[in-house]
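Participant: sequence and predicted structure are below.
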Amino acid sequence: MARTILIVEDDIQVRALIQDCLGAAGHRVIATDSIASGWHLFATEKPELCIIDLNLPDGTGLELCEKIRKHKGGRSTPVIILTAQADMESKIAGFTTGADQYLVKPLLPSELILWVDALLRRLSQDEECEPLLRARDCEIDVPAHIVRYKGAEISNLTGKEFDLLYYIMKRRPKVLSRKQILVGLWRTITVDHVVDTHLTNLRKKLPRELADKIQTLPGKGFRYLE
């Protein structure tokens, strides 16, 4: 299925290369070179996937990623951060901000296509997933991107926090290892402490009773226990 993909990259040659390979794969590609114009295109064109360079003329790609994640329409939009910075701190910052994948330049077009296809495939699976997931007093409304607990709405979750709660609750009471969650939600088996960071942030936003249902089992992983 062809999708609309936003590219925010200030290197003209890299931007053209990505446009060409994604266009050849049948996607509709919109591209720009700054956070300001990237945000405008995101808000008006509503792309289904974003590829954002880390270093942009008017800031960092993480700033744009964060804005997208705070926007109701962008909480579940796949975001790929593309950069020349391969250090662990940058990767952790990218994932913590809400990126779905962090790819390091130089990158083969074929590898980028594989990641785009994987994230779009996950998007299609999400669109077909159970629209309403219930576990006693907790209800996850997937189309509306809203969690309700005892009737009260919790709508301030980022896309990854929302996905993480759904992923663990859907598989309750099974214990999920960090690597299982990373493969299921991030499609990677590296930087496993990113799961802990997102769970910490998720728990802070949930009512205490609901947060306590997400249990950590030392050395094993996590589970949702009613």
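Facilitator: Right, received. Where do you want to start?
Participant: ok, residue 153 to residue 139 distance?
Facilitator: 10 Å (C-beta to C-beta, to the nearest Å). From N, CA and C alone the C-beta is placed, and that goes for glycine too.
Participant: shared neighbours, the two?
Facilitator: Residues touching both residue 153 and residue 139 (C-beta atoms under 8 Å, 6 or more residues apart in numbering) are residue 147.
Participant: out of those two, which sits in the more crowded spot?
Facilitator: Remark: of residue 153 and residue 139, residue 139 carries more neighbours, 17 against 12, as counted by other C-beta atoms under 10 Å.
Participant: bridged to the more buried one, which residues?
Facilitator: residue 134, residue 148 (DSSP bridges).
Participant: break the protein down into its structural domains.
Facilitator: Recorded structural domains for the chain (assignment: automatic domain parsing) are 4-127, 132-224.
Participant: for the protein, which helix is longest?
Facilitator: helix 109-127 (DSSP state H).
Participant: name the residues that touch that helix?
Facilitator: 1, 3, 5, 17-18, 21-22, 25, 27, 48-49, 51, 76, 78, 80, 100-101, 103, 142, 163, 187.
Participant: any idea how far it is from the chain center?
Facilitator: Offset of helix 109-127 from its chain centre (C-alpha atoms, centre = their mean, to the nearest Å): 12 Å.
Participant: may I see the PyMOL selection of the buried members of the contacts of helix 109-127?
Facilitator: Remark: buried members of the contacts of helix 109-127, expressed as a PyMOL selection using 16 or more other C-beta atoms under 10 Å:
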select buried, resi 3+5+18+21+22+25+27+48+49+51+76+78+80+100+101+142+163
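Participant: list the contacts of residue 33.
Facilitator: Contacts of residue 33 (C-beta under 8 Å, 6+ apart): 8-10, 12, 15, 56-57.
Participant: show me which of those are buried.
Facilitator: The buried subset of those - by 16+ other C-beta under 10 Å - is 8-9, 15, 56.
Participant: distance check, the residue most central in space within the chain against residue 170.
Facilitator: Nearest to the mean C-alpha position of the chain, by C-alpha atoms, centre = their mean, lies residue 100 at 3.9 Å. Distance, residue 100 to residue 170, by C-beta to C-beta: 18 Å.
Participant: doesn't residue 37 lie inside a helix?
Facilitator: Yes - assessed with DSSP: H, G, I helix; E, B strand; the rest coil, residue 37 lies in a helix.
Participant: residues contacting it?
Facilitator: Here residue 37 is in contact with residue 8 (C-beta under 8 Å, 6+ apart).
Participant: ok, it to residue 95 distance?
Facilitator: 25 Å.
Participant: repeat that for residue 118.
Facilitator: Taken as C-beta to C-beta, the span from residue 118 to residue 95 is 16 Å.
Participant: looking at the two now, which is surrounded by more residues?
Facilitator: residue 95 (24 against 14).
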